[in-house]
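Visitor: 3D, please:
(chains A, B and C)
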Amino acid sequence: MMFGLELAYWQESILRSLGVLVAVLLPAGTFVYVFLFKMVSFMQNRLGPMEAGPYGSMQLLAEVGKALQKEDLVPDKADRTLFKLAPYLVVATVLLTYVAIPFGPDMVFIDNEFFGTGIFYVMAVSSISVIGIILAGWSSASKYALLGGIRAAGQLIAYELPLVLSVIGVVIQAGTLDLQRIVIAQATGEIFGWGGIGNPFILTQFIGLLIFMIALQAELAQTPFDMPVAESEVVGGYHVEYTGLRFLLFFIGEFATAGAFAAIAATLFLGGWWLPGLDLEASYMNVVGPLVLLGKMMIFGGIIFFIRFSYPRLREDQLQRFAWKFLIPLALVNITATAILKVVF
Amino acid sequence: MSSADTEAPVEDDAAQQEPDERRDALLAGLTERLGDDLLGSHLEPGINLWIRVTPEAWVPTMRHLRDDLGFRFFEFLSAIDWMPSPYGRYEEAAVDVDLHALRDAALAVDPTTFETGVAGGDTRFQVFARVVNVAERDLGIIVKADVPPSADDPAEPGAVGTIVAVYPGADWCEREVHEMYGIGFDGNPNLRSLYLPSAFEGHPLRKDFPLLARHVKPWPGIVDVEPMPGEAATPGADEEADG
Amino acid sequence: MTVTESEQLAYVAAKAADARVNVELETDEGMTLNIGPQHPATHGTLRIVAKLDGEQVLWVEPIMGYMHRGYEKLVEVRTYPQVTTLVNRIDWLAASCNETPFILATEQLMGVEAPLRAQYLRTIFHEMGRIAHLTMFLGDMGVQIGALTPMFYAMRDREFVLNQTESVSGGRFHPNFNRIGGLKDDIPKGWLEETIRVMRKMEAFCDQMENLLLGNEIFEQRTRGIGIIPAEIAQQYGLSGANLRASGVDWDLRRDVDSPMAWKHADFDVITHTDGDCYARTWVRLQETREACKIVTQLCEDLPSGPIMAKVPRIIKVPAGEAYVATENPLGEMGYYVVSQGDLGPFRVKIRTASFHNISIVPWVLRGVYVPDIISILGSLYFILGDIDR
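Guide: So this is what the prediction gives:
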């Protein structure tokens, strides 16, 4: 993000940090407003927040303000250090995830032109949030939180595997781990010799996308996989004892993670910041690219939240069975098929 | 049942005859089986059948009903305290009364003089239960049993046998009766409190347990409507307890 | 003996040690989890103490009484018409249904029978109470299983039925409309046509719920084979209503007991199911809602004209006697055992409520299930706190 200016390293770092914050909070906020406040409300035959700002658009700011002025409560028997640390772990993880996502030909957060480990880095770093959630559940000194934390531990670890395995098909097809190069591979690829719309990997990796979306729903602890936060059973699950700013951090973490993974899904399967007909190298793509990516994120985010509010939740043992006995074998079959077909074609 | 008869069409009388036969047969069978244990009975044709048994025959009767006569559906179990309330009823309940004196006076009365209900009764407390035969149409039976006085304190009720082994659903009912009346159930290990906190003293549904709300504040009777703004309130209407 | 402050503190600390998870997990007995009294799933203030081994239940004990209002004591100081107002509030979602058995018992003791038009209207209100109640159940079952959206459709469609109740009696939840001998007032003009239209809407709602909720694979996975209650056990515990019919027992008080109500003039089916699991109970209630819509439509179309109140004296004095009348309420079988000694008020009223017996089976049925299944089973047994606690 040099904008043609010669900046000192520390100035660039500040700009990049601010950029990450904007890149994280803006999609999270948009997701919350469009999907949680409005789409869900319309599905449920109601209007949603309408008072704060035009059509309730400032509701998220109001919620942030409300959460910030709440009393700072830590349960008496809770482990104070871990209790306070857990939300920051979750949010730090998602901020780190955003670093690897390319928003345009030059709109990357890192110093080099290409981020070599790309998707591998994203998968590794996003697993750290699991620790944050388990810490939250365990240190809260509440049995409901403990139940939620234990459920989260089992579920999130179980669904990491399908998430990673579904991505390997894309990696094989693109021939690289780097997300920028995957976008370029989709943009410059060809379908049986016709290069009109490039080669978005959704056409060949549809099974991979399906597994990715299901595993993503579980990683975000959204219904039908919201056992950790099952409202009618463990009331709040791992975040039942959190209020105020810490609860807000969990909330933002959840939606920012949804945004991050929606962006990753868009990058891996739909072609990222590139649309057919646009020039891959042009400098105007640095402005258009993020908007294109945001649009694609909204598509995936819409799918995630639509399913969240339509389905009942699976029981813990049923979800484990689903992951281990169905999703992982399917993902392995997908990888094998991709590898074979890649060599053949 | 005067007014119903004059207006009822002929089918009702005919319908009343048939269940009569079923209930008559049931009563006859029970009389034969129970013999001296059957202390009283009452049959309302087409409506209900009551029998009263001795406390010793309480559990065997229920077992006989379930196993031999097919009354497998447990409806409820409860108790009645036949002592008339010493504090008066509804509007009669006054504020400045000596609750203890009234209570002691009432407890001194001989229980056999109480007016008990259908199928009779000899003691102050009675347990009764209803069970139903769901294979037949509209066939239920209400069984009553006197509760003998306790061996330690004749003023307190003693115990009858528990029917939990016959109808498991009676467990909670017996807990409630024990809590509300103080009646024991031999053989039920689970007679903890059901509704009331464990520190509660007394047995609320007994007639000598006063409903204190009526003695703290008198029943207001007919209360005058709030006056419209500008009109004067009618004086003194609320203070007199309208009888 | 007096207790020193340090002893008090030690006592409190010892009790608080119960909350410390580390200690509990080391014992063999399992972790005690208090579900309720404040909990989103327990329809009110029911407290369930569960002893868990991980996610599996070792034993469960329901503790009630948080809403005990002492009805059986309160009615001893009231006159018969006053008791009607009180009794509305036992099962507060379907209030007309609570009044009916008490009024019928009193009328049986007095020997009066309400005129035919009043019988029809009472039955219509009873069935409309059933529809409102079971609609709430269908939405609520979804919420317990995790589907948050059908609840909103249920509440929206329930408003139509409640509007009809309000237009007759002025009260959506506590109409307090039954009187001994008949009804308080006649129905307003145009009410019958509007009710028939509302019944069409409720049938459409039932179709929607069947597709949305019962057809969902995850819902089936969560409810099929869960909480199976055999027919014999159900009868011995006194389970009634849809719970009993879902276990295969063909017993419906509307059809099987003679009562001066208009069910004998309507043509409806009694739905049973053989499985006895949570899915069966939900399914039976869905079909019952449809049948109730059918009954209301038929009775509205055939409503006879005539008086709505029999000749009863202004001051109601009930002759001595005992009577027990039970009706098929939405929750199950609700009955009143009225003991009268010739006074203005009852001597004793024993209120037999359905939820009390429905919940008495909970310690038996919840052995060895998982924690999410506790919620499914409780939701499918369907209770109202006022009904349990009276």
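
Visitor: Now the residue in the stretch 201-345 of chain A that chain C sits nearest to. Nearest residue, chain neighbours left out?
Guide: Nearest residue of the stretch 201-345 of chain A to chain C: residue A:313, at 3.2 Å (CB to the nearest CB). (Glycine included, C-beta is placed from N, CA and C.) Nearest residue to residue A:313 in three dimensions, chain neighbours excluded: residue C:146, at 3.2 Å (CB to CB, 6 or more residues apart in numbering or on different chains).

Visitor: and that neighbour, how many residues sit next to it?
Guide: A count of nearby residues for residue C:146, using other CB atoms under 10 Å in any protein chain shown, gives 26.

Visitor: pretty sure it is in contact with residue A:223, am I right?
Guide: Yes: between residue C:146 and residue A:223 there is a contact under CB atoms under 8 Å: 5.5 Å.

Visitor: how about stretch C:214-221: buried residues?
Guide: For stretch C:214-221, the buried set under the neighbour-count rule, 16 or more other CB atoms under 10 Å in any protein chain shown, comprises C:214, C:216, C:218-219, C:221.

Visitor: That stretch - what's its average pLDDT?
Guide: What stretch C:214-221 shows for mean pLDDT is 88.

Visitor: In PDB, could you pull the C-alpha coordinates for that stretch?
Guide: This file holds the C-alpha atoms of stretch C:214-221, laid out as PDB (Å, rounded to 0.1, in the frame of the first residue of the first chain):
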ATOM      1  CA  LEU C 214     -41.500 -31.900  10.600                       C
ATOM      2  CA  GLY C 215     -40.100 -32.500   7.200                       C
ATOM      3  CA  ASN C 216     -36.600 -31.200   8.200                       C
ATOM      4  CA  GLU C 217     -34.000 -34.000   8.300                       C
ATOM      5  CA  ILE C 218     -32.200 -32.500  11.200                       C
ATOM      6  CA  PHE C 219     -35.500 -32.200  13.200                       C
ATOM      7  CA  GLU C 220     -36.200 -35.900  12.500                       C
ATOM      8  CA  GLN C 221     -32.700 -36.800  13.600                       C
END
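
Visitor: hmm, it touching chain A?
Guide: Yes: judged by CB under 8 Å from any CB of the partner chain, stretch C:214-221 and chain A are in contact via C:216, C:218-219, C:221.

Visitor: related to what we said a few turns ago, how close does the residue of the stretch 201-345 of chain A closest to chain C get to residue A:217?
Guide: 11 Å (CB to CB, to the nearest Å).

Visitor: and the longest helix for the chain?
Guide: Chain wasn't specified; assuming chain A. The residue-count maximum for a helix in chain A (DSSP state H) belongs to helix A:143-174.

Visitor: wrong one, I was asking about chain C
Guide: Under DSSP H, chain C gives helix C:116-145 as its longest helix.

Visitor: is it anywhere near chain B?
Guide: No: contact of helix C:116-145 with chain B (CB under 8 Å from any CB) is absent, the minimum separation being 10.4 Å.

Visitor: how distant is the helix or strand following that helix from the center of its chain?
Guide: Toward the C-terminus, helix C:116-145 is succeeded by helix C:149-169 as the next helix or strand (DSSP states H and E). Centroid separation for helix C:149-169 versus its chain: 17 Å, with CA atoms, centre = their mean, to the nearest Å.

Visitor: For helix C:149-169, list every residue counted as buried.
Guide: Buried positions in helix C:149-169, judged by neighbour count with 16+ other CB under 10 Å: C:149-155, C:157-158, C:160-162, C:164-165, C:168-169.

Visitor: Closest one to residue A:295 out of those, please.
Guide: The closest of these to residue A:295 turns out to be residue C:149 (CB to CB; 26.1 Å).

Visitor: Before we go further, residue C:251 is sitting in a helix, right?
Guide: No: assessed by DSSP: H, G, I helix; E, B strand; the rest coil, residue C:251 does not belong to a helix; its assignment is coil.

Visitor: Can you give me the distance of the residue nearest to residue A:313 to chain B?
Guide: Note on residue C:146: its distance to chain B, by CB to the nearest CB, to the nearest Å, is 31 Å.

Visitor: try residue C:371
Guide: In this view, residue C:371 and chain B are 24 Å apart by CB to the nearest CB.

Visitor: Run a quick neighbour tally on the spatially closest residue to residue B:135 that is not a sequence neighbour.
Guide: In space, residue B:135 comes closest to residue B:70 once its chain neighbours are excluded; the distance is 5.8 Å by CB to CB, 6+ apart. Other residues near residue B:70 come to 15 when the count uses other CB under 10 Å.
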